[in-house]
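Undergrad: pasting a predicted model and its sequence here:
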Amino acid sequence: MYGGLVGAALKYLRIEPAFPRQSLAAEIARSEVAQDILDLLVDYVATFGATWIMLGHIVNPDRYQKAMPLKLTNIRLRFLEDRLLHQAIVHDPVLYQTLHRSRPFYWHDVLPTASTEGIEFLRLAHKNGLKAGMTFPMILAGRPLGAVSIAGEHFRLDPDQVDEAETMLGLGYRRLDEICGPYHLEPKISLSVLETEVLHFAASGKSSWETATILGKTETSVSAAIKRAVRKLNAANRTEAVAKALTQRLIL
């Protein structure tokens with residue numbers, strides 16, 4: 001039953017291009033199954049050349065009491081496994097920029113500021129077929145920071161198309177958030193100014209000695225601050241502490 005309705009709706013979108021936003025928005029609003037919404041969005045982004053899509057919260061699951069964060073995608077599993085293996089939360093320049101931006105951006109725009117590891121990460125995406133990509137940050141009141149990323153062999157949107165895509169993907173994202181929630185956040189961890197600073201420089205690849213030189217502190221005090229941050233964040237080591245601090249937006 002639902003498949004027939006979706007098929008008819010998508011056929012209508014292709015026949016009546018003057019009303020795609022209203023039709024798709026109505027389909028999204030009526031949908032009660034997450035996979036159905038994902039399928040609608042996959043079909044929508046395909047109209048301008050994107051093949052893959054990923055929607056989700058950018059959070060550390062440890063912050064949640066009862067529910068896992070929102071994460072839906074049609075991207076092949078192998079790439080996601082490689083992404084996790086290569087510590088995406090630390091090295092992915094797209095993810096890093098998502099933490100700092102509120103407007104959509106192309107993946108190639110982050111190359112000038114990407115680290116060596118970040119560039120390699122983009123090459124990994126390219127190798128897996130995600131050659132052209134765009135990310136839409138999703139900021140909802142009372143919700144974790146999130147994003148919708150789309151990718152394909154090649155695509156480019158004009159400004160009006162970017163605005164429309166942001167609107168439609170935002171509708172789908174919010175509906176998925178409603179269906180898959182609720183999400184129960186624990187209180188935010190509080191770091192001191194020094195702990196925040198040392199984690200910030202650690203995220204940039206600085207050693208304790210380099211951080212101490214920059215901040216005008218002793219290497220001992222920097223190492224002690226890192227240890228305190230690791231303990232507060234319930235992390236196993238410096239790398240995990242940086243990852244958790246980034247996902248919780250304790251450092252930028």
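TA: Okay, I see it.
Undergrad: for Thr116, give its distance to Lys131.
TA: Thr116 sits 20 Å away from Lys131, going by C-beta to C-beta, to the nearest Å. (C-beta placed from N, C-alpha, C; glycine too.)
Undergrad: give me the more crowded residue out of the two.
TA: The neighbour comparison of Thr116 against Lys131 (other C-beta atoms under 10 Å) goes to Lys131, with 17 against 9.
Undergrad: my guess is that one contacts Glu153. True?
TA: Yes: at 5.4 Å, Lys131 counts as touching Glu153 under the criterion of C-beta atoms under 8 Å.
Undergrad: show me the contacts for the residue positioned nearest the centre of the chain.
TA: With distances taken as C-alpha atoms, centre = their mean, Ala147 lies nearest the centre of the chain, 4.4 Å away. With contact taken as C-beta atoms under 8 Å, 6 or more residues apart in numbering, Ala147 is in contact with Leu55, Gly56, Ile58, Thr98, Thr135, Phe136, Pro137, Met138.
Undergrad: can you list those in a markdown table and add secondary structure?
TA: Listed next are those as a markdown table, based on DSSP: H, G, I helix; E, B strand; the rest coil:
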| residue | secondary structure |
| --- | --- |
| Leu55 | strand |
| Gly56 | strand |
| Ile58 | coil |
| Thr98 | helix |
| Thr135 | strand |
| Phe136 | strand |
| Pro137 | strand |
| Met138 | strand |
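Undergrad: shouldn't Leu157 be within a helix?
TA: No: using three-state DSSP, the assignment for Leu157 is coil, not a helix.
Undergrad: contacting residues for it?
TA: By C-beta under 8 Å, 6+ apart, Leu157 lies in contact with Phe48, Met134, Ala165.
Undergrad: mind redoing it with 6 Å?
TA: Contacts were defined as C-beta atoms under 6 Å, 6 or more residues apart in numbering; by that measure Leu157 touches Phe48.
Undergrad: look up the pLDDT of it for me, please.
TA: As predicted, Leu157 sits at a pLDDT of 93.
Undergrad: separation between it and Ile150?
TA: From Leu157 over to Ile150 (counting by C-beta to C-beta), the distance is 10 Å.
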